[in-house]
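K.L.:
Kindly generate the corresponding structure for this input.
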Amino acid sequence: MSSREAAKMGDILATEADLLGIIKEYLTFEEFEETVHSFEKECKSKGKLISKPQGNTLRDSKTHVIQEDLFRSFDDGDYKVFFELWTENIPSEVKTKEAEAQSLEFYLHIHFTIYPLRRHPSRQDRTEFEERISHFKQYLETRGATLSQTTEFLPYYALPFVPNPSVHPSFKGLFQDSWVPQLKDKLEQFLSVTLKLSNSPRLLSLNRSNSGNPIKAMQQLQLQLVESDRRIVSYIRKFNKLQVDYHNLIGITAELVDSLEATVSGKMISPEYLQSVCVRLFSNQMRQSVVQSTDFTRPGTASSMLRASIAPQRSKEVPMLPSLDYEKLKKDLVEGSDRLRSLLLQALRWRLTRSFPGEQRDTVLQAYISNDLLERYSTKKVTVLHLMRSKNDIVRQYVARLINAFASLAEGRVYLSQIPILLKLLTEALRKEDRDSLTRENVLVALQKLSLRRSQQTAMIADDLIGWLVDELQDSDCLSDYVLEYSAALLMNLCLRTKGKRKCAENAKHVLKVLTDLLGHENHEIRPYVNGALYSILSIPSVRQEAKEMSVEEILHCYRKEASPDLNRQIEFIVKQLNSDEEEGLESDDEEEEDDNDEDLMEADLDKEEVLQPQPRELSGESLLTTEYLGIMTNMAKVKRKSTHLPQTGVDEPLQRPVTPSSHHNANTVQGGEGDSLPPSQYNSRPPTRSGSRPSTADSFRHSIGGGDYVPAFVSQPRIPRTPDTEASQTNTHRGRSLALTPQRSQSEPQQSSRPGSASSAGGGGRQSGKV
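P.N.:
Okay, the predicted model is just below:
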């Protein structure tokens, strides 16, 4: 026999001896004495060796060492060593299935978290404490999440969000002298039982480790497979994009090498050539209009932009906000005093408006929705939404502000559209509130945002909101620019529907007169919406006939005198629609489509003019929520649906769908990181009204097209009605953010603008708004 064969035979005999030893160990453990005797006798007769079982002395010694190490790390506050030993030596089935083990592990995590505060009460080590808090948060979100529904542990889910737990009344028991010794006694009792059980026969341990649930394991693997497939598709898309960019760069590099060779030969590179190369280079990073308007011939421009595009972005970790006790919140909103209601409504709104765009804001909104903050599914006669009928002005205003904040987010609009009573309450408030009230303004803006959803459009049309809007716009001098733009945009959204067009046809003369009056208005930002509404309703033959009798074509031609080719082109489309002979279709081509996704439209104006100010030592905002309404920590943010931006078509096409001035403005900026968190109400003044001045029509449209603030009215765009631009009035430092701010305001001198066919006076300089 060779040495190799001998070694192999030795391994087999050693393995066989171990197996026989395991069998004997189990029989001995179960006290099969006669069987053990027969087993030993037969093995001896066959010349089989039986390995010696692990002696009790050795096992007891190992157990003692483990216990000593656990107690030592417990006393020293060394959570890393402790939980490493805990994971290695406590059986997984004990940790996951036994309530006593789960409870003990929870309190052990609390012990190690507050250890720095107990060790040095006078000079607390904040750095070490924050590190342990982070570890505790991770535990709560993973293994500790199973106890989140248990009343005993519920208060401790707020521990990571309390600045100084040692003085907080909810946690004073943790800092009593008796708490740590009691916990250590529980640990000692648990270890004495658990570690002894873990020294069961090896055969039993092997059987336990392999006795899982195969069906559950298979389901887990299938879920992992689906997730892997999803990631693969995403990676393939990214790879294809990288490949296209790579080929583009190779082509540009080859041209640049040729240019360098030509330069060596004495041939000069023209500025036009440099501009064209840079346009190609940046075409995938910026919108075409921005690329075309950038002067790459200026030294350093292209190189600076290239270096900036590959500069590493510092990722800023955004903390999750603590969860709240929503049942208590809703109870106090309905039954509390008007002062408390107002403070709570303000604090809940601030959570949305002042949170960081992205995961933090998504988590806040999802918590509101999943806990049914507005009581969509409540069977009570009086719910949170019924506060819209409160006798207190501030309560009504702050409910409207909160609804507006919900409507500013895509998922929020989905939630609001599922509340049957909401539109009734909003339109009721719209008609009852004073014209210059902030409540009415927030209700109007919320309705405009809700009109992005088709089901809400239908309900608004049925409630004759079109007639109300036309009457309001007839007296546009009394409206602020902000309200005027949202009113015009809402009217256009409703007019795009077949039912909306037919509603306008019932009083065509009045609607046409108001719209043609608005064409001559000094606020140029409303023109895309007025043009869109006109073009849409002129598809109805009866409206076209009425327009001809009113000489609308002659009125439109009056505006062709202004030196704006884009405005002229838009008017041509309206005139062409006016003179068409097409019969009315049965329904609009988007009548049966599903609601499209849309971007978020959060505005700084949501927090303007706060009429409610806290009294000295009165809790408000986040401090009110985290002090009085802490609940279970929930860190599950729903994946946000991404809006689909369809490619733009030429300006010569008539308007098929509404445009989004704010989305076009943001799209024309360099794609950057997420916007910053909204700072605490720095926008304390309301948007200016038309007491300011306006540029001429030509200047306005030239500025709009050149600067990319909005696309002309007649451009085929995504198939959803959208919202006025609310950003351009802020400084350029705000450009590129995802937050929409206030409507554009001109700083130019006032211009006289005639209104052909209008019974009202010619639009001129500054008119004071009815706003306070």
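
K.L.:
Look at P319 and say how many residues are nearby.
P.N.:
Neighbourhood size, P319 [other CB atoms under 10 Å]: 11. Quick note: C-beta positions are derived from backbone N, CA and C, even for glycine.

K.L.:
Before we move on, what's the pLDDT of it?
P.N.:
Note for P319: predicted pLDDT of 76.

K.L.:
List the contacts of it.
P.N.:
Q360 (CB atoms under 8 Å, 6 or more residues apart in numbering).

K.L.:
swap in V65?
P.N.:
V65 touches nothing, counting by CB under 8 Å, 6+ apart.

K.L.:
element containing it?
P.N.:
Using DSSP states H and E, V65 maps to helix 56-76.

K.L.:
So for that helix, what gets flagged as buried?
P.N.:
For helix 56-76, burial by neighbour count (16 or more other CB atoms under 10 Å) applies to T63, I66, Q67, D69, L70, S73, F74.

K.L.:
Touching stretch 395-406 from outside, list them.
P.N.:
Contacts with stretch 395-406, where a contact means CB under 8 Å, 6+ apart, come from 338, 341-342, 345-346, 348-349, 352-353, 365, 368, 374, 384-385, 387-390, 412-413, 415-416, 422, 426, 429, 433, 437-439, 442-443, 445-446, 449, 602, 606, 611-612.

K.L.:
Now do K186: how many residues are near it, please.
P.N.:
By the criterion of other CB under 10 Å, K186 has 15 neighbours.

K.L.:
Mind telling me what element it is part of?
P.N.:
Per DSSP H and E: K186 is located in helix 179-197.

K.L.:
now that helix against helix 56-76, angle please.
P.N.:
Counting by axes from the mean of the first three to the mean of the last three CA atoms, to 10 degrees, helix 179-197 lies at 160 degrees to helix 56-76.

K.L.:
Could I have the CA atoms of helix 179-197 written out in PDB?
P.N.:
Extracted in PDB, the C-alpha atoms of helix 179-197 (Å, rounded to 0.1, in the frame of the first residue of the first chain):
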ATOM      1  CA  TRP A 179     -31.600  48.400  37.000                       C
ATOM      2  CA  VAL A 180     -28.100  47.100  35.900                       C
ATOM      3  CA  PRO A 181     -27.800  44.500  38.700                       C
ATOM      4  CA  GLN A 182     -31.300  43.200  37.900                       C
ATOM      5  CA  LEU A 183     -30.500  42.900  34.200                       C
ATOM      6  CA  LYS A 184     -27.200  41.100  35.000                       C
ATOM      7  CA  ASP A 185     -29.100  38.600  37.200                       C
ATOM      8  CA  LYS A 186     -31.500  37.900  34.300                       C
ATOM      9  CA  LEU A 187     -28.500  37.400  32.000                       C
ATOM     10  CA  GLU A 188     -26.800  34.900  34.400                       C
ATOM     11  CA  GLN A 189     -30.000  32.900  34.700                       C
ATOM     12  CA  PHE A 190     -30.500  32.800  30.900                       C
ATOM     13  CA  LEU A 191     -26.900  31.700  30.300                       C
ATOM     14  CA  SER A 192     -26.900  29.000  32.900                       C
ATOM     15  CA  VAL A 193     -29.800  27.400  31.100                       C
ATOM     16  CA  THR A 194     -29.100  28.100  27.500                       C
ATOM     17  CA  LEU A 195     -25.400  27.200  27.400                       C
ATOM     18  CA  LYS A 196     -26.200  24.000  29.200                       C
ATOM     19  CA  LEU A 197     -28.800  23.100  26.600                       C
END
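
K.L.:
helices or strands next to that helix in the packing?
P.N.:
Secondary-structure packing of helix 179-197 (3 or more CB pairs under 8 Å, 6 or more residues apart in numbering; DSSP states H and E): helix 56-76, helix 99-119.

K.L.:
List the contacts of the helix or strand just after the last one.
P.N.:
What it means is helix 99-119. Using DSSP H and E, the helix or strand that follows helix 99-119 in sequence is helix 126-141. Residues from elsewhere that reach helix 126-141, judged by CB under 8 Å, 6+ apart: 79, 109-110, 112-117, 148, 157, 159-160, 633, 635.

K.L.:
tell me, how many neighbours does the closest residue to R431 other than its chain neighbours end up with?
P.N.:
Nearest non-adjacent residue to R431, counting by CB to CB, 6 or more residues apart in numbering: W468, 6.9 Å away. W468 has 16 neighbours, counted by other CB under 10 Å.

K.L.:
what about L260, how many neighbours?
P.N.:
Neighbours of L260 (other CB under 10 Å): 10.

K.L.:
and if you look at R280?
P.N.:
For R280, the neighbour count with other CB under 10 Å is 15.

K.L.:
do the same with M460
P.N.:
26.

K.L.:
With adjacent residues omitted, what lies nearest to A407?
P.N.:
K449 (4.0 Å).

K.L.:
That neighbour contacts L601, doesn't it?
P.N.:
Yes. Using CB atoms under 8 Å, K449 is in contact with L601, at 6.0 Å.

K.L.:
Of those two, which one has the most company?
P.N.:
Taking other CB under 10 Å, K449 and L601 do not tie; K449 has more neighbours (30 against 26).

K.L.:
Check which helices and strands whatever helix or strand that one lives in is in contact with.
P.N.:
Per DSSP H and E, K449 falls inside helix 438-450. Helices and strands touching helix 438-450, as assessed by 3+ CB pairs under 8 Å, 6+ apart, comprise helix 393-407, helix 410-416, helix 422-432, helix 454-462, helix 481-495.

K.L.:
So which other helices or strands are in contact with the third one?
P.N.:
Helices and strands touching helix 422-432, as assessed by 3+ CB pairs under 8 Å, 6+ apart, comprise helix 393-407, helix 438-450, helix 454-462, helix 465-474.

K.L.:
got the angle between it and helix 438-450?
P.N.:
Between helix 422-432 and helix 438-450, the angle comes out at 140 degrees (the same axes, to 10 degrees).

K.L.:
For helix 422-432, buried residues please.
P.N.:
L422, L423, L425, L426, T427, A429, L430.
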